[in-house]
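Kindly return the folded structure for what I paste below:
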Amino acid sequence: MQNFDVIVVGGGHAGIEAASAASSMGCSVALVTMDKYAIGRMSCNPAIGGTAKGHLVREIDALGGVMGKIADRTGIQFRMLNKSKGPAVWSPRCQSDRKLYSEEAYRAINETKNIEIVEDSVTDILVENRKIIGVKTLPGKEIKCKALILSSGTFLNGLMHTGLKSSKGGRYGEKPATGITETMISLGFKTGRLKTGTPPRLAKNSINFEILEEQPGDENPQPFSHFTDLSQFPFLSQLSCYITHTDEKVHKILEKGFDESPMFTGRIKAVGPRYCPSIEDKIVRF
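The predicted model follows:
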């Protein structure tokens, strides 16, 4: 049976920072994730930072975190938002190469001392005398710890909706994590669910970029991390983003499918975070 000071469940952005921080404090860490090559995988919009969030990335960096460093090495566009306003609300944002970000995140964790990546799924939390002592994984393996950090993101009993169809999963093509939620409820915790609307992906060769508004990155891009070598930054070739808009015609087309929208048929019973409403929700509300 393995023993660690800290077990971190989940290899997303939060899990990476938790494992890294615990390691820097001299703790032995097990980072449990279903797929070690999915560590740091960017789910929806492959961007780091943005309004308010950019400040957070800088604060993580100041505290010794790794998100800013990974973003700097994998960013394909860097842009300071809100430059028309005062410096207090300027917000750094980068668009990242989605594949490279995950590869760099895996490399950073894999090369960090005191961290062992455990490719498994946690199904139960082990408790003795109201104190957490470890976890049990899907094959029945027990791993002991002094502290447990849950950073499972969208995977806890995750449910995905596409029109009238529903399927279980943490992300598209990936299984959900089951068992942890039920254990937490049995220990007296309350659980809830958030809804986020994920837009469809478009094939690049299907887009007419000539009719779109080009949004280039900053002429002199600034890195997120204070530790990034400015003489080598940016590390990758920089690309433009492009902006398009909906109109009344688009809205009318979308409204024809509202009777099959999980938002309006009652299939989704969750609260949406502020910045990720679905397009049909935007049309109805605004």
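
can you map out the helices along the stretch 101-250 of the chain?
Secondary structure of the stretch 101-250 of the chain by DSSP state H, counting those that start in this stretch: the helices cover 180-186, 248-255.

Using PDB, list the CA coordinates for the longest one.
As requested, C-alpha coordinates have been extracted for helix 248-255 and formatted as PDB (Å, rounded to 0.1, in the frame of the first residue of the first chain):
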ATOM      1  CA  GLU A 248     -31.500  38.800 -36.200                       C
ATOM      2  CA  LYS A 249     -31.500  36.300 -39.000                       C
ATOM      3  CA  VAL A 250     -29.200  34.000 -37.100                       C
ATOM      4  CA  HIS A 251     -31.400  34.300 -34.000                       C
ATOM      5  CA  LYS A 252     -34.500  33.300 -35.900                       C
ATOM      6  CA  ILE A 253     -32.800  30.200 -37.200                       C
ATOM      7  CA  LEU A 254     -31.600  29.300 -33.700                       C
ATOM      8  CA  GLU A 255     -35.100  29.900 -32.300                       C
END
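
Other residues contacting the following helix or strand past that helix?
Counting by DSSP states H and E, the next helix or strand C-terminal to helix 248-255 is helix 279-285. Outside helix 279-285, the residues that touch it by Cβ atoms under 8 Å, 6 or more residues apart in numbering are 197, 199, 246, 251, 254-255, 257-258, 261, 263-264, 272, 277. To be clear about C-beta, it is placed using only N, CA and C from the backbone, and glycine gets the same treatment.

for the helices of the stretch 101-250 of the chain, which one sits closest to residue 155?
The closest of these to residue 155 is helix 180-186. By Cβ to Cβ, the value is 8.9 Å.

how about that closest one: buried residues?
By 16 or more other Cβ atoms under 10 Å, the buried positions in helix 180-186 come out as 180, 181, 183.

The second one is in contact with residue 158, isn't it?
Spelled out, that is residue 181. No - counting by Cβ atoms under 8 Å, residue 181 does not reach residue 158; the two are 10.2 Å apart.

re earlier: so which of the helices of the stretch 101-250 of the chain is nearest residue 212?
Minimum separation from residue 212 across those (Cβ to Cβ) falls at helix 248-255, 14.6 Å.

Which of the contacts of helix 279-285 sits closest to residue 101?
residue 199 (18.9 Å).

gap between that closest one and residue 21?
Distance, residue 199 to residue 21, by Cβ to Cβ, to the nearest Å: 33 Å.

What is the burial count for the closest residue in space to residue 223 that isn't next to it in sequence?
Once flanking residues are discounted, residue 223 sits nearest to residue 72: 4.4 Å by Cβ to Cβ, 6 or more residues apart in numbering. Counted by other Cβ atoms under 10 Å, the residues lying close to residue 72 total 27.

What count of nearby residues applies to residue 242?
Using other Cβ under 10 Å, residue 242 is surrounded by 13 other residues.

Name the nearest residue to it, ignoring sequence neighbours.
Here the residue nearest residue 242, using Cβ to Cβ, 6+ apart, is residue 212, at 4.0 Å.

so what's that neighbour up against?
So residue 212 contacts 242, 243, 244 (Cβ under 8 Å, 6+ apart).

Comparing residue 199 and residue 21, which residue is more hemmed in?
When neighbours are counted by other Cβ under 10 Å, residue 199 and residue 21 differ, and residue 21 comes out ahead with 19 against 10.
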